[in-house]
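1. Take this sequence and fold it.
(2 chains)
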Amino acid sequence: MSTPVLDSAVLRTEIRLFGREPGAIFWILLFPTLLLVILGSIPSFRQSDDSLGGLRLVDTYVPVAVLLGLILGGLQGMPQVLTGYRERGILRRMSTTPVRPLTLLTAHMVVFAGAALASAVLALLVGRLAFGVRLPEQPFGYAAALLLAVLVALALGSVISAVSRTTKIAGAVGSAVLFPMMFCAGLWVPVQAMPHVLARIVGYTPFGAAAQALNQAVGGHWPGWTHLGVLALWSVLLTAGAARWFRWE
Amino acid sequence: MSVIEVSELRKSYGGRAVVDGVSFSVQEGEIFGILGPNGAGKTTTVECVEGLRVPDAGRIRVTGLDPVADHERVARVLGAQLQQSELQAKLTVREALELYASFYPRPANWRPLAERLGLTDKLATRFGKLSGGQKQRLFIALALVGDPRVVVLDELTTGLDPRARRDTWQLIEDVRAAGVTVLLVTHFMEEAQRLCDRIAVIDKGRIAALDTPEGLIRRSAGATVISFTPSAPLDEHDLNALPEVASVAYKDGRVTLSGTDATVNAVITLLARHHVTAHQLRVSDATLDDAFLDLTEAAA
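-> Modelled structure (predicted):
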């Protein structure tokens, strides 16, 4: 069909509705930076550590905070909204209009992606201004890795929404995936501090690869093609799965 | 000119035929009702007309277009109110009306529509905070906001109070007067009798009868009911022998007969011949209710 997959009125509506969700705003937009501020306020986090190659713990937590909004929103927020749109017949009601219900899904994804990127920028800025964490020395590489991470989060969230019949199931599936994903991104142990073998394994997961790619870009290198490739491959596979499994009713 | 054409429509779920060879056509400016017991296949039929479901067999045309293959073009001229659907809980009534109006090439002005449906003081209220009746009225408004040529209304007045129901009927009559074709699913007889030009009674996936409301009543057995208490006993044999009588009940000294106008005249003649007075004589027309029960029972 020739109709566009994005409708400006639907997008404006979804932006407005996002603004009415204090929970989503807190967890996606504010919580990652808040966590960074709390961790950064602990004196030992601001001492350079030889085992981290001279970095401070707070340095290693900026990429984690950058990815955290993506993970929380992509696994907990977005799938439940999309599943709810289907479960409650909102997509069906839109199916009877000339505008395709797909536009509602894409609009919500765009809003989520925008919020996750804003959250990432906020974490970078607060890290720089409050704790003197250096900004990425390879900004283009950093942006590329971050955009791929957003794509992977969107794809993963879509798969969760596709396989979950109800909002409750989407919540449960999202939570089950959430903790491993946060671990891989380095929330408990930053990827730089992980044992070598573990870091390798984690590097094959979407957010583990994202964390390592971001770290390389911070240090001024273009992110390794392995990491970017892992991200791209996951995005493609998960998007294909979501497209295959998604049901409109 | 027929605006909606359905011929030999079939749709099964899990091997069970829900719609089993339904055909009808709706003329421009007509209010066409679909009546039937729960699970008769009414909603499935109209969902095929709306293009929400793909028929297993049969042909559907809305303004000459296939609602599945030409979904977008059909959607521009067809307004739908679904039996069950919702909107985003935090969307306000005004935002919903503006959003849905934006979907159509030449939308109606939503303000007078909202006013007629009593939504003007609810414009700033979020969908999730509306009562059942208010949600229903909003969905009626959304069905009309695209200024459609055809509206499909599934359970139009379910959940509305009697006042709002009558206002809604008036609105639908006005919409029709403006030339819009209306397809109405209902199980509410008074609504069908008042609004519909023609009614298809659907039972077990098939059309049991298709006629005007008056025609349906007339064709059902026992369209007129006569009851009275005779001043002296009557011979039950005489009562059974009355012309066109459909049923006789003689209980506790009271006679209840059903038949036609001819039966009424014959009863009066019979009473006069026997010099019997009829106390508390009541003659009433059967309603669409009776006709409906008669038709759907006959098919069972």
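
2. And what about A:Thr83, helix, strand or coil?
-> helix (DSSP: H, G, I helix; E, B strand; the rest coil).

3. Looking at the closest residue in space to it that isn't next to it in sequence now. What's its pLDDT?
-> Spatial nearest neighbour of A:Thr83, excluding adjacent residues (C-beta to C-beta, 6 or more residues apart in numbering or on different chains): A:Ala170 at 4.1 Å. From N, CA and C alone the C-beta is placed, and that goes for glycine too. A:Ala170 is assigned 95 on the pLDDT scale.

4. Tell me how far A:Ala170 lies from A:Val81.
-> From A:Ala170 across to A:Val81, the span is 9 Å (C-beta to C-beta, to the nearest Å).

5. What of B:His279?
-> Counting by C-beta to C-beta, the gap between B:His279 and A:Val81 amounts to 69 Å.

6. ok, these two, which is more surrounded?
-> Ranked by neighbour count (other C-beta atoms under 10 Å in any protein chain shown), B:His279 and A:Val81 place A:Val81 first, with 25 against 11.

7. pretty sure that one is touching A:Met109, no?
-> No. Contact criterion C-beta atoms under 8 Å: A:Val81 and A:Met109 do not qualify, at 9.7 Å.

8. Now do the buried residues in the longest helix along chain B.
-> Across chain B, the longest stretch assigned as helix under DSSP state H is helix B:162-177. Neighbour-count burial for helix B:162-177, counted by 16 or more other C-beta atoms under 10 Å in any protein chain shown, picks out B:Ala164, B:Arg165, B:Asp167, B:Thr168, B:Trp169, B:Leu171, B:Ile172, B:Val175, B:Arg176.

9. May I see those organised as TSV, with distance to B:Asn240 and pLDDT added?
-> Formatted as TSV, those follow (distance: C-beta to C-beta, whole Å; pLDDT from 0 to 100):
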residue	distance to B:Asn240	pLDDT
B:Ala164	47	90
B:Arg165	42	92
B:Asp167	47	91
B:Thr168	45	92
B:Trp169	41	94
B:Leu171	48	93
B:Ile172	44	94
B:Val175	49	94
B:Arg176	45	95
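
10. Can you tell me which of the residues you listed is nearest A:Pro32?
-> Set against A:Pro32, the nearest of the buried residues of helix B:162-177 by C-beta to C-beta is B:Ala164 (48.5 Å).

11. Could you verify my assumption that that closest one touches B:Arg116?
-> No. Checked against C-beta under 8 Å, the pair B:Ala164 and B:Arg116 is beyond contact range at 10.9 Å.

12. which non-adjacent residue is nearest the residue sitting furthest away from the middle of chain A?
-> Farthest-out residue of chain A from its mean C-alpha position, per C-alpha atoms, centre = their mean: A:Thr96, at 32.6 Å. If the residues on either side of it in the chain are set aside, A:Thr96 comes closest to B:Ala80, at 4.0 Å by C-beta to C-beta, 6+ apart.

13. Which strand or helix spans the one you found?
-> Taking DSSP states H and E as the criterion, B:Ala80 maps to strand B:78-81.

14. And the next helix or strand past that strand?
-> Per DSSP H and E, the helix or strand that comes after strand B:78-81 is helix B:93-102.

15. ok, is that following helix in contact with chain A or not?
-> Yes. Applying C-beta under 8 Å from any C-beta of the partner chain, one finds helix B:93-102 touching chain A at B:Glu95, B:Glu98, B:Leu99, B:Tyr100, B:Ser102.

16. where's residue 142, which helix or strand?
-> Chain wasn't specified; assuming chain A. Here A:Tyr142 is assigned to helix A:139-163, by DSSP H and E.

17. Switch to chain B, please.
-> Going by DSSP H and E, B:Leu142 is in helix B:132-144.

18. buried sites along that helix?
-> B:Gly133, B:Gln134, B:Lys135, B:Gln136, B:Arg137, B:Leu138, B:Phe139, B:Ile140, B:Ala141, B:Leu142, B:Ala143, B:Leu144.

19. ok, the residue nearest to the second one when sequence neighbours are not counted - contacts?
-> Read it as B:Gln134. Closest residue to B:Gln134 apart from its sequence neighbours, by C-beta to C-beta, 6+ apart: B:Lys122 at 6.0 Å. By C-beta atoms under 8 Å, 6 or more residues apart in numbering or on different chains, the residues touching B:Lys122 are B:Val93, B:Leu130, B:Gln134.

20. do that again at 10 Å, thanks
-> B:Lys122 makes contacts with B:Thr92, B:Val93, B:Arg94, B:Ala114, B:Lys129, B:Leu130, B:Ser131, B:Gln134, B:Arg137, B:Leu138, as judged by C-beta atoms under 10 Å, 6 or more residues apart in numbering or on different chains.

21. do B:Ala75 as well
-> Contacts of B:Ala75 (C-beta under 10 Å, 6+ apart): A:94-100, B:50-51, B:62, B:67, B:103-104, B:146, B:148.

22. cool, B:Asp294 as well?
-> B:Asp294 neighbours (C-beta under 10 Å, 6+ apart): B:Val201, B:Ala208, B:Ala209, B:Leu216, B:Ile217, B:Arg219, B:Ser220, B:Ala221, B:Gly222, B:Ala223, B:Ala246, B:Ala286.

23. Surely A:Ile15 is in contact with A:Ala107?
-> Yes. Using C-beta atoms under 10 Å, A:Ile15 is in contact with A:Ala107, at 8.3 Å.

24. Helix or strand: which one has the spatially most central residue of chain A?
-> What sits nearest the mean C-alpha location of chain A, by C-alpha atoms, centre = their mean, is A:Leu70, with 1.9 Å. Assigning secondary structure by DSSP H and E places A:Leu70 in helix A:57-72.

25. relative orientation of that helix and helix A:139-163 in degrees?
-> Going by axes from the mean of the first three to the mean of the last three C-alpha atoms, to 10 degrees, helix A:57-72 is angled at 40 degrees with respect to helix A:139-163.

26. Secondary structure element for B:Val264, which one?
-> Following DSSP H and E, one finds B:Val264 within helix B:261-273.

27. Now do that helix: which elements does it pack against?
-> Counting contacts by 3 or more C-beta pairs under 10 Å, 6 or more residues apart in numbering or on different chains; DSSP states H and E, helix B:261-273 packs against strand B:224-230, helix B:236-240, strand B:254-259, strand B:278-285.

28. Out of the ones you listed, which is closest to A:Ala209?
-> Closest among the helices and strands packed on helix B:261-273, once you apply C-beta to C-beta, is strand B:278-285, at 77.8 Å.

29. and the closest one, which strands flank it?
-> When pairing is defined by DSSP bridges, strand B:278-285 lines up against strand B:224-230 (antiparallel).

30. check whether whichever helix in chain A runs longest contacts chain B.
-> Assignment by DSSP H gives helix A:102-131 as the longest helix of chain A. Yes. Using C-beta under 10 Å from any C-beta of the partner chain, helix A:102-131 comes into contact with chain B via A:Thr103, A:Leu104, A:His108.
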